[in-house]
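Visitor: need a structure here:
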Amino acid sequence: MKNIRLWLTNVFILTGFLVYAQEPVPSFSLKLGDEVSPHAYFSVFLLPGQEIEVEALMDIEPAAYEAYVSIGGIKTVSADEWKYRAPEKKGAIDVLVVKNKNVMDSIIVNCFVMYPYSDMKGGKLNDYYIGQYPNSDNPIYAKPKGFVEITDKNKNTMVSPHFVLQDFKCKQVGGYPKYVVMSQRQLLKLEMVIEQINLAGYECTGLEIMSGYRTPQYNKAIGNVQFSRHVFGDSCDVYIDEDGDGQMDDLNGDGKSNKSDARVLFNLVNGLQKESWYKPFIGGLGLYGRNSRHPAFVHIDSRGYVARWGHK
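Guide: Residues are numbered from 1 along each chain as shown. You can find the predicted model right below:
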């Protein structure tokens, strides 16, 4: 299939559906490497030539699956399992898995082919200043394998149902292209948090990301700690802003927007750690109040161990 995105766009137009005005819910999940996504739209981040296993899971009935790619090679391993090899060319590649030839029961995966870390010279990648990553023997502070390129053309590419690529870009001054480090697990966690917020009875069509990825250069310039999870791409500072006023919504109903509202979000996310299914997503959680520079917000990361601050 030469152009999956064009084909899908035509299908959705012909059937009267607007792509992701409301997320479709596939009847199966996809295992993409080490992560499992239940979403109709998700992403993987690969180096040129890297291979990843793709497997359809959690289906309640026997089904026939088909997998397509726009660029690169995909090899069938079994009726519901494939191996995808990323091309050498950097950029976003579509992978589509369709169940029973029904495009409305399908999963689209954006495969972002990254620039390897070794492509960075003198702290720069294609004239974008990233800076130097700190050295550490601790594997959770390992230097990133690669960087995803953000351009003016691809900045609004969906990476998951509620987020686009530019939501995670660093705030440092400069034009395109920009480069970010991304985490599949962090995307899954953010989508999970949105779901849990709504299940708890709060309106949340998405989270505002106040700060996502930070280059080591920018992180140092704002005086943050050297080993901030932001520079490793698995951390976000977020708040809920359904009314669009740039502040955390009044979650506790007292008519104000302050740290107490952020605490509602903090407590909701913190409460998830008692669930056994949440174990892979444990991480850091910080509570921050409102000031003249930023709204009240919550820091959420996927560092792999429990860390809490700001809530006492």
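Visitor: Just want the most central residue of the chain.
Guide: The centroid of the chain falls nearest to residue 187 when counting by Cα atoms, centre = their mean (3.0 Å).
Visitor: hang on, isn't residue 111 packed against residue 96?
Guide: No: with contact defined as Cβ atoms under 8 Å, residue 111 does not reach residue 96; the gap is 10.9 Å. No exception for glycine: its C-beta is placed from N, CA and C like everyone else's.
Visitor: who's more crowded, these two?
Guide: residue 111 (24 against 20; other Cβ atoms under 10 Å).
Visitor: which one's the longest strand in the protein?
Guide: strand 102-113 (DSSP state E).
Visitor: What pairs with it, parallel or antiparallel?
Guide: Counting by DSSP bridges, the strands paired with strand 102-113 are strand 41-46 (parallel), strand 91-99 (antiparallel).
Visitor: Now do the helix or strand just after that strand: which elements does it pack against?
Guide: Downstream of strand 102-113, the first helix or strand assigned by DSSP states H and E is strand 115-116. Applying 3 or more Cβ pairs under 8 Å, 6 or more residues apart in numbering; DSSP states H and E, one finds that strand 115-116 makes contact with strand 146-150.
Visitor: centre of the chain versus the next helix-or-strand element following the strand it packs on, how much separation?
Guide: Following strand 146-150 in sequence order, the next helix or strand is strand 158-160 (DSSP H and E). Chain-centre distance of strand 158-160: 7 Å, with Cα atoms, centre = their mean, to the nearest Å.
Visitor: Can you spell out which helices and strands pack onto strand 158-160?
Guide: Against strand 158-160 (3+ Cβ pairs under 8 Å, 6+ apart) you get strand 41-46, helix 184-199.
Visitor: who touches that strand?
Guide: 20, 39, 41-43, 110, 164-165, 167-168, 182, 187-188, 190-191 (Cβ atoms under 8 Å, 6 or more residues apart in numbering).
Visitor: now stretch 67-79, how far from the chain's geometric center?
Guide: Centroid separation between stretch 67-79 and its chain, computed with Cα atoms, centre = their mean, is 23 Å.
Visitor: Please identify the buried residues of that stretch?
Guide: 67-72, 74 (16 or more other Cβ atoms under 10 Å).
Visitor: Verify the stated contact: the residue nearest to the centre of the chain with residue 43.
Guide: Yes: contact criterion Cβ under 8 Å: residue 187 and residue 43 qualify, at 6.7 Å.
Visitor: Verify the assumption that residue 167 is located in a helix.
Guide: Yes: assessed by DSSP: H, G, I helix; E, B strand; the rest coil, residue 167 belongs to a helix.
Visitor: related to what we said a few turns ago, nearest approach to residue 27 belongs to which of the strands paired with strand 102-113?
Guide: Counting by Cβ to Cβ, residue 27 lies closest to strand 91-99 out of the strands paired with strand 102-113; the figure is 6.7 Å.
Visitor: Any chance you could list what contacts the closest one?
Guide: 1, 4-5, 8, 26-28, 30, 54, 56, 59, 63-72, 74, 84, 86-87, 105-113, 149, 154, 157.
Visitor: how close does the nearest residue to residue 178 once chain neighbours are set aside sit to residue 273?
Guide: Distance criterion Cβ to Cβ, 6 or more residues apart in numbering; nearest residue to residue 178, sequence neighbours excluded, is residue 150 at 4.4 Å. As judged by Cβ to Cβ, to the nearest Å, residue 150 and residue 273 stand 32 Å apart.
Visitor: Likewise for residue 152?
Guide: 40 Å.
Visitor: for residue 153, same thing?
Guide: Residue 153 is 40 Å from residue 273, by Cβ to Cβ.
Visitor: of those two, who's got more company?
Guide: Counted by other Cβ under 10 Å, residue 153 and residue 273 do not tie: residue 273 has more neighbours, with 14 against 10.
Visitor: Give the next helix or strand downstream of the lowest-mean-pLDDT helix or strand in the chain.
Guide: Within the chain, no helix or strand scores below helix 4-14, which has a mean of 44 by mean pLDDT, DSSP states H and E. Following helix 4-14 in sequence order, the next helix or strand is strand 29-32 (DSSP H and E).
Visitor: quick one: average confidence on that following strand?
Guide: For strand 29-32, mean pLDDT rounds to 95.
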